[in-house]
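A.B. asks: Predicted model and sequence follow; I will ask about them next.
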Amino acid sequence: QVQLVESGGGSVQGGGSLRLSCTASGYTYGYTYRLGWFRQAPGKEREWVTTIYVATGLTYYAASVEGRFTASQDRAKNTVDLQMNSLKPEDTAIYYCAAGRTRTTWDYWGQGTQVTVSS
């Protein structure tokens, strides 16, 4: 059974940093086409944050986090991390990692980790 488990959430003041980590288990990491992070703020729809393509390492970011967030993968450890710097109150959300076996699907999701940024 595929499992994605996030960790590293918490509370921080605006301008601070947090690092989220997502550990994958139950499947062969090498057969994952892409990994991603999404977030969902209270009362809002889930929004895409970043995608990293496993084979190439190419990474794309939402405009709202570009230049502040950095995603990275460690294929040996089956992890994908999200380094979040210069955090803003509007970054407050539950953050989810996801894995997709194709370029158009997100097949597996973590349970989410809360990030709270105070002003």
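C.D. replies: Perfect, I can see it now. Numbering: from 1, shown residues only.
A.B. asks: so which strand or helix has the residue nearest the centre of the chain?
C.D. replies: Note on the chain: the residue nearest the mean C-alpha position is Trp37, at 2.7 Å, using CA atoms, centre = their mean. Element membership for Trp37 (DSSP states H and E) is strand 34-40.
A.B. asks: isn't the residue nearest to the centre of the chain right up against Tyr95?
C.D. replies: Yes: with contact defined as CB atoms under 8 Å, Trp37 counts as touching Tyr95 (6.1 Å). The C-beta positions use only the backbone N, C-alpha and C, and glycine is treated the same way.
A.B. asks: and for those two, which residues touch both?
C.D. replies: Among the neighbours of Trp37, those also in contact with Tyr95 (CB atoms under 8 Å, 6 or more residues apart in numbering) are 20, 49, 82.
A.B. asks: Looking at these, spot the one nearest Thr113.
C.D. replies: Leu20 (6.2 Å; CB to CB).
A.B. asks: in this structure, what spans have low per-residue confidence?
C.D. replies: 27-30 (pLDDT under 70).
A.B. asks: Can I get the shared contacts of Trp37 and Tyr95 in CSV including secondary structure?
C.D. replies: Output for the shared contacts of Trp37 and Tyr95, formatted as CSV (DSSP: H, G, I helix; E, B strand; the rest coil):
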residue, secondary structure
Leu20, strand
Val49, strand
Leu82, strand
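A.B. asks: how about the strands of this structure, start to end?
C.D. replies: 3-7, 10-13, 18-25, 34-40, 47-53, 59-61, 69-74, 79-84, 93-100, 108-109, 113-118 (DSSP state E).
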